[in-house]
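A.B. asks: Whatever this is, show me its structure:
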Amino acid sequence: MRTRLLPALALATLATAPAGAQQPDLHLRVGATYASTLLTDQVGVTSQVETRQKLAPTIAAAAGLPVGRDYGARLELALARGDYEAKEGGTTTSLGTLTTFTGVLGLNGPVWKRLRWHAGVGLVKYLPSDDTGIFLQGGPWRALASGGLDWREPALRGWDLEVSARGDFHRFSTAELRARDFGGTQGVGRITLTVGLARRGSR
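C.D. replies: Numbers count the residues shown, from 1 in each chain. Alright, predicted model coming up:
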């Protein structure tokens, strides 16, 4: 069900764009994603284990259409892949590689000159390299909220240089954690910085 949610929302929103806008804006950027702690587990009285993903190289792609004069709707997809680890006291244990796939359907509008705001909702899918530990029963889909800023400068004919900052938030849990009676969820915040090219579509 969740895997079909974003395409359905994208079609419903982009269908409201002007009929003459036949060529969408296209965006392709690369950068990195920082994520806060995925899980904090208390072991005994004084020992605490934190599981988190390290800084992850990221590639992002997007397509959008205008909605009204100054606003736009956009579907953004991002793939981030990096190692993740557990820290207990002064000991760090590598747990393998963790990939996250994120899809966000959002709106954007003007802030100042070439600076624009972005806000949206979407889903993030966790894809561990091995189904072990907290991902023994696989990686979850989680709903998220996203916001950020984009700055564009003309670079090539029909193309802009684009610098983007994104922040998003979701609640993290897995089927394996729930099976171990971890009934709650942990809030995870992520910051993604990317740079790339954006093609201006027809208006």
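A.B. asks: So which elements touch the longest strand belonging to the chain?
C.D. replies: Counting residues, the longest strand found in the chain (DSSP state E) is strand 91-112. The contact analysis (3 or more C-beta pairs under 8 Å, 6 or more residues apart in numbering; DSSP states H and E) places strand 91-112 against helix 2-14, strand 47-53, strand 56-67, strand 71-88, strand 115-128, strand 141-156. Using the backbone N, CA and C atoms, a C-beta is placed for each residue, glycine as well.
A.B. asks: Identify whichever of those lies nearest to Arg29.
C.D. replies: strand 56-67 (4.7 Å; C-beta to C-beta).
A.B. asks: Next, the buried residues of that closest one.
C.D. replies: Neighbour counts over strand 56-67 (16 or more other C-beta atoms under 10 Å) mark 56, 58, 60, 62-67 as buried.
A.B. asks: what angle do that strand and strand 141-156 make?
C.D. replies: Strand 56-67 and strand 141-156 are oriented at 80 degrees to each other (axes from the mean of the first three to the mean of the last three C-alpha atoms, to 10 degrees).
A.B. asks: Spell out which strands sit alongside strand 56-67 in the sheet and which way each one runs.
C.D. replies: Here strand 56-67 is paired, per DSSP bridges, with strand 25-35 (antiparallel), strand 71-88 (antiparallel).
A.B. asks: I'd like to know which of these is closest to Ala165.
C.D. replies: Nearest of the strands paired with strand 56-67 to Ala165, taken as C-beta to C-beta: strand 25-35 at 9.3 Å.
A.B. asks: residues in contact with that closest one?
C.D. replies: By C-beta atoms under 8 Å, 6 or more residues apart in numbering, the residues outside strand 25-35 that reach it are 52-53, 55-65, 72, 74, 76, 78, 80, 82, 100, 162, 164, 188-201.
A.B. asks: Please state the offset of it from the chain centre?
C.D. replies: From the chain centre to the centre of strand 25-35 is a distance of 9 Å (C-alpha atoms, centre = their mean, to the nearest Å).
A.B. asks: quick one on the thing from earlier: quick check: which of the strands paired with strand 56-67 is nearest to Gly158?
C.D. replies: Nearest to Gly158 among these is strand 25-35 (10.2 Å), distances taken as C-beta to C-beta.
A.B. asks: Averaged pLDDT, the closest one. What do you get?
C.D. replies: Across strand 25-35, pLDDT averages out at 97.
A.B. asks: Ala175 is in contact with Gly139, isn't it?
C.D. replies: No - using C-beta atoms under 8 Å, Ala175 makes no contact with Gly139, being 9.3 Å away.
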